[in-house]
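Chemist: starting from these lines, generate the structure:
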Amino acid sequence: MYTWKDIKVITLQKMFAAEGSVIPNDESVKDYIAGMPGAANEALQMLATVGKFIIKTIDIAHNPVKNLLSDGAKIVSQERGTIKFSADGARSMYFECFGVGTYSVKIDDEEVVSGELTSKHGYSPYKAHIPNAYDKKVVLEITSSYPLAVKNVALYSADFESLDDIQPFSEKVRYNLRELAPDFYALDSKSIYFEGDESNVRYLQTTDFFQEGDKVLVLDRDVPGNYKIYYKAYPQQITEDTLDSEVLSIDDEVAPLLPLYMASQLYKDDDNGIATSYRNEFEVAFERLKANNVSPSAEKFTSESGWI
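Modeler: Predicted coordinates for the structure are as follows:
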């Protein structure tokens with residue numbers, strides 16, 4: 001393990017500005033020390049995104065709430081009139097609508113929830129809590145005098161703590177990995193593992209997913225279970241406030257490259273020849289890292305009888 005002080009000392013040694021493990025506290029190294037965080041971050045960015053990936057994991061408990069409607073995902077459209085959906089025991093609802101009109105939720109023909117539909121430029125989501133303490137039959141009516149389309153309609157038996165917590169419904173469930181892991185850089189498509197659920201206990205590497213853009217993972221709603229996602233992470237940022245005692249989250253084979261790059265940048269004005277030599281050493285080692293950069297893998301293992 002290397003601390004930030006270790007990297008600083010080695011860098012100063014390469015610039016003939018330090019002896020032993022002590023960082024000089026004088027004007028001779030002031031500019032070098034000030035420039036170190038920027039040079040270190042440049043190197044770390046290159047090393048972590050191309051040379052030697054920092055691999056971390058996200059655990060996703062993919063357990064969407066069951067929709068009481070069996071055909072909620074289909075698109076229903078009409079020129080005017082009322083579209084109805086019903087289910088016993090619903091306590092919350094969600095749907096997406098393109099058009100203008102109204103919606104009404106009724107129990108025993110009594111309206112308990114209502115609202116306006118004002119989506120003129122594409123589908124907009126609508127959600128609501130349904131006061132249904134006795135789990136009676138719920139009827140959702142969507143009415144318009146104009147052309148209107150509805151999709152992803154869901155009636156849930158679940159109570160949600162807040163309106164924001166009511167789950168959107170679709171056949172595909174999207175997870176923004178950058179929101180789940182702020183240091184997310186890229187998804188390793190060969191390193192997603194499905195751990196099953198209580199009714200289907202197994203462990204296997206899976207390709208049963210989609211990717212939208214560079215950070216959105218899409219899973220099938222009807223394949224619930226726990227997913228372990230291996231991803232490539234951005235490196236930690238070094239700042240002027242980084243403590244000398246802080247251990248850097250880099251592998252031991254990567255750490256020696258950091259002072260090479262830093263010295264090549266910081267020593268250019270003093271001796272460009274030596275700085276260039278350090279940069280060449282860095283590039284050779286960097287290319288070697290890229291050639292050996294592989295992602296984790298695992299063999300498929302399935303339990304047919306129970307716990308693994």
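Chemist: Thr239: what secondary structure?
Modeler: With DSSP: H, G, I helix; E, B strand; the rest coil as the basis, Thr239 sits in coil.
Chemist: same check, this time on Glu195
Modeler: Using three-state DSSP, the structure places Glu195 in strand.
Chemist: isn't it up against Val223?
Modeler: No. Between Glu195 and Val223 there is no contact under C-beta atoms under 8 Å: 11.8 Å. Glycine gets a C-beta too; all of them are placed from N, C-alpha and C.
Chemist: would you confirm that Lys74 contacts Val150?
Modeler: No. Under the criterion of C-beta under 8 Å, Lys74 is not in contact with Val150, lying 9.4 Å apart.
Chemist: quick one, helices of the stretch 201-308 of the chain?
Modeler: Counting by DSSP state H, counting those that start in this stretch, the stretch 201-308 of the chain has helices at residues 257-266, 272-292.
Chemist: highest mean neighbour count out of the ones you listed?
Modeler: Mean neighbour counts were compared across the helices of the stretch 201-308 of the chain using mean count of other C-beta atoms under 10 Å; the top stretch is helix 257-266, at a mean of 25.
Chemist: packing partners for that one?
Modeler: Packing partners of helix 257-266 (3 or more C-beta pairs under 8 Å, 6 or more residues apart in numbering; DSSP states H and E): helix 4-14, helix 30-46, helix 272-292.
Chemist: could you dump the helices of the stretch 201-308 of the chain to TSV with mean pLDDT?
Modeler: Shown next, in TSV, are the helices of the stretch 201-308 of the chain (pLDDT from 0 to 100):
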stretch	mean pLDDT
helix 257-266	97
helix 272-292	93
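Chemist: give me the most central residue, this structure.
Modeler: With distances taken as C-alpha atoms, centre = their mean, the residue of the chain nearest its centroid is Leu177 (0.9 Å).
Chemist: got a list of what that residue touches?
Modeler: Listed by C-beta atoms under 8 Å, 6 or more residues apart in numbering, the contact partners of Leu177 are Ile58, Phe184, Leu187, Lys215, Val216, Leu217, Ile229, Tyr231.
Chemist: in this protein, where is pLDDT below threshold?
Modeler: Across the chain, the ranges flagged by pLDDT under 70 are 189, 197-201, 293-308.
Chemist: domain parsing for it?
Modeler: Following the assignment in automatic domain parsing, the chain carries domains at 1-63+172-308, 76-165.
Chemist: before we move on, back to that, and the residue nearest to the centre of the chain, how far is that from Glu171?
Modeler: Leu177 sits at a distance of 20 Å from Glu171 (criterion: C-beta to C-beta, to the nearest Å).
Chemist: neighbours of Asn176, just the number please.
Modeler: Asn176 has 13 neighbouring residues, counting by other C-beta atoms under 10 Å.
Chemist: what bridges to the residue nearest to it when sequence neighbours are not counted?
Modeler: Among residues not flanking Asn176 along the chain, Val216 sits closest, at 5.7 Å (C-beta to C-beta, 6 or more residues apart in numbering). According to DSSP bridges, the partner residues bridging Val216 are Asn176, Glu212.
Chemist: if I pick Val216, what's in contact with it?
Modeler: Shown in contact with Val216 (C-beta under 8 Å, 6+ apart): Arg174, Tyr175, Asn176, Leu177.
Chemist: I'd guessed the third one sits against Lys215; true?
Modeler: In other words, Asn176. Yes. Under the criterion of C-beta under 8 Å, Asn176 makes contact with Lys215 at 6.1 Å.
Chemist: following the longest strand anywhere in the chain, which helix or strand shows up next?
Modeler: Counting by DSSP state E, the longest strand found in the chain is strand 110-129. Going down the chain from strand 110-129, the next helix or strand is strand 137-144, by DSSP states H and E.
Chemist: and after that following strand, which helix or strand comes next?
Modeler: That would be, after strand 137-144 and using DSSP H and E, strand 148-156.
Chemist: and that following strand, which strands flank it?
Modeler: Strand 148-156 is paired, per DSSP bridges, with strand 76-78 (antiparallel), strand 92-107 (antiparallel).
Chemist: could the ones you listed be laid out in JSON lines, adding mean neighbour count?
Modeler: Formatted as JSON lines, the strands paired with strand 148-156 follow (neighbours: other C-beta atoms under 10 Å):
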{"stretch": "strand 76-78", "mean neighbour count": "14"}
{"stretch": "strand 92-107", "mean neighbour count": "20"}
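Chemist: do you know which of those strands lies nearest Ser264?
Modeler: Ser264 sits nearest to strand 92-107 of all those, at 54.7 Å, using C-beta to C-beta.
Chemist: export that closest one as PDB, just CAs?
Modeler: The C-alpha coordinates for strand 92-107 follow below in PDB (Å, rounded to 0.1, in the frame of the first residue of the first chain):
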ATOM      1  CA  SER A  92     -51.500   2.800  -5.300                       C
ATOM      2  CA  MET A  93     -51.400   3.400  -9.000                       C
ATOM      3  CA  TYR A  94     -49.100   4.600 -11.800                       C
ATOM      4  CA  PHE A  95     -49.600   5.200 -15.500                       C
ATOM      5  CA  GLU A  96     -48.200   7.300 -18.400                       C
ATOM      6  CA  CYS A  97     -50.400   9.400 -20.600                       C
ATOM      7  CA  PHE A  98     -50.100  11.300 -23.900                       C
ATOM      8  CA  GLY A  99     -53.000  13.700 -24.200                       C
ATOM      9  CA  VAL A 100     -55.400  15.800 -22.200                       C
ATOM     10  CA  GLY A 101     -58.400  14.800 -20.100                       C
ATOM     11  CA  THR A 102     -59.000  13.500 -16.600                       C
ATOM     12  CA  TYR A 103     -58.500  10.400 -14.500                       C
ATOM     13  CA  SER A 104     -60.600   9.100 -11.700                       C
ATOM     14  CA  VAL A 105     -60.200   6.200  -9.200                       C
ATOM     15  CA  LYS A 106     -63.400   4.700  -7.800                       C
ATOM     16  CA  ILE A 107     -64.200   2.200  -5.100                       C
END
